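> sequence first, predicted model second:
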Amino acid sequence: MQQIPEPVALFLSGLPADMVAGANAAEIVDSLAFYESELIKWQKVQNLVSRETLAEIWSRHFLDCLQLIPMIPIESRRLLDLGSGGGFPAIPLAIALKNRDLTVHMVESNGRKGSFLRQIVRELGLQAEVHTMRAEMLKPAEIGPIDVFTARAFASLSDICGYVEPLWQQKSVGLFQKGRGYSEEIEESLQKWRYTYSTVKSKTLKDAAIVQMYDLKSN
């Protein structure tokens, strides 16, 4: 198995078997290593990830994405990631949850980034689909029912609510990764939207959190 940072190894080894449907850490790490190599290769022609963080991709990006796994309900069948970019958090989640009956849908407006995502999905045989479109163009009839929404380094929380509200179901869950200032974003969004929420401190970034959202409605 590829040598990986200890925090990532500890996190993967500590996941209950039912969360990853029996997938072992070695399988997940091998797929993540392939993804890493493709990110580095494509980075030469397409900006997929901040160059400053490329050297610490396992701890800075992969673990940051994988920390969402315990928050994804076991019964979830469809996950939609907004503004997927280079694939965070969608690809690491699709890799780790490959054995679960869960399809990951990625929304990315940039055609080249969409091509990269499709290649990763194809090469790793992931249960995932890539939609090359802007988030505001999402239509319930085309996307279908969504159980879990994710977004990382995408838009303001208020804007994200606007994108996902038409697709929101009674039992939908939002897992939105936010940096410093997330409390202000929550306050601002609640002027326009109604929802219940909780926050979970990020394992990787100081002053960052995951906003867990439920029962979204417009005011």
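That came in fine, so what should we check first? All values derive from a computational prediction rather than experimental measurement.
> state the mean pLDDT of the helix ranked longest in the chain.
Under DSSP state H, the helix in the chain containing the largest number of residues is helix 25-43. Confidence for helix 25-43, expressed as mean pLDDT, is 91.
> now do that helix: distance to the chain's middle.
16 Å (CA atoms, centre = their mean, to the nearest Å).
> now do stretch 180-187
Distance of stretch 180-187 from the chain centroid (CA atoms, centre = their mean) equals 19 Å.
> got the buried residues for it?
Judged by neighbour count (16 or more other CB atoms under 10 Å), stretch 180-187 contains these buried residues: Tyr182, Glu185, Ile186. C-betas here are computed from N, CA, C, even on glycine.
> in TSV, list those along with distance to Ser31 and pLDDT.
Formatted as TSV, these follow (distance: CB to CB, whole Å; pLDDT from 0 to 100):
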residue	distance to Ser31	pLDDT
Tyr182	30	96
Glu185	33	97
Ile186	34	98
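> so which of those residues comes closest to Leu32?
Tyr182 (26.6 Å; CB to CB).
> please tell me how far that closest one sits from Ser59.
Distance, Tyr182 to Ser59, by CB to CB, to the nearest Å: 21 Å.
> next: Gln169.
Taken as CB to CB, the span from Gln169 to Ser59 is 34 Å.
> higher neighbour count, those two?
More crowded of Gln169 and Ser59, by other CB atoms under 10 Å: Ser59, with 16 against 12.
> which residue sits closest to the more buried one in space, ignoring its chain neighbours?
Using CB to CB, 6 or more residues apart in numbering and skipping the chain neighbours, the partner closest in space to Ser59 is Pro5 (4.8 Å).
> shouldn't the one you found be in contact with Trp58?
Yes - contact criterion CB atoms under 8 Å: Pro5 and Trp58 qualify, at 4.9 Å.
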